[in-house]
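Peer 1: Show me how the following folds:
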Amino acid sequence: MADYEVGYGKPPKSRRFQPGVSGNPKGRPKRKPLALAETIEKVLNAKIEYRERGQTRFASAQELSIKMLVDRAVSGDLEAAEIVLKIRERAERYGDAGVEQIEISDWLPDYPGQSGEQKAQDLKASRNDDTQSAP
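Peer 2: Below is the predicted model:
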């Protein structure tokens, strides 16, 4: 006979967790930390309320930062003007840093036997022709 009563919340000694063995071996999964770039992008894209000429408006932190830089540049701050021009040049050269690659699936060939690689090359060639013929 057992030296204690077996029942609800009192399992037999043979069924108890052994020392060093968890009742939840996998446990709660660890939270994946956000990458720094994602965090910065979230903050810059968050809408902020501001007042302009007595009216309440909303804009992203990124828009407001650039607007403030342009205002400083227009008022004569040469350093702000230089920064605005550098940002513009970089944006024109590299585009938006947040642009993702587009994957096309289930495409229709232009002619029988055309592969995906051939279609991509044809599209690239036609885009190059359009940009070269533009004035």
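
Peer 1: Now do the same for the spatially most central residue of the chain: helix, strand or coil?
Peer 2: By Cα atoms, centre = their mean, the chain has its centre lying nearest to residue 38, at 5.1 Å. Look at residue 38: counting by DSSP: H, G, I helix; E, B strand; the rest coil, its state is helix.

Peer 1: i'd like the first residue to be 14 from this point on
Peer 2: Noted, 14 is the first residue going forward, which turns the last one into residue 51.

Peer 1: now that we're looking at it, how far away is residue 45 from it?
Peer 2: 11 Å (Cβ to Cβ, to the nearest Å). Every C-beta, even on glycine, is put in place using the N, C-alpha and C of the backbone.

Peer 1: Not counting its own residues, what contacts the helix or strand containing residue 102?
Peer 2: According to DSSP states H and E, residue 102 maps onto helix 91-107. When contacts are defined by Cβ atoms under 8 Å, 6 or more residues apart in numbering, helix 91-107 is touched by residues 79, 82, 83, 85, 86.

Peer 1: Same question for the helix or strand hosting the second one: list its buried residues.
Peer 2: To tie it back to what came earlier, the one meant is residue 82. According to DSSP H and E, residue 82 maps onto helix 74-87. Within helix 74-87, the residues that count as buried by 16 or more other Cβ atoms under 10 Å are 79, 82, 85, 86.

Peer 1: Output the residues you listed as TSV; include the columns pLDDT and distance to residue 55.
Peer 2: What follows is those, written out as TSV (pLDDT from 0 to 100; distance: Cβ to Cβ, whole Å):
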residue	pLDDT	distance to residue 55
79	90	18
82	93	21
85	93	26
86	93	27
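
Peer 1: taking the mean pLDDT, what do you get for stretch 126-135?
Peer 2: The average of the pLDDT scores along stretch 126-135 is 82.
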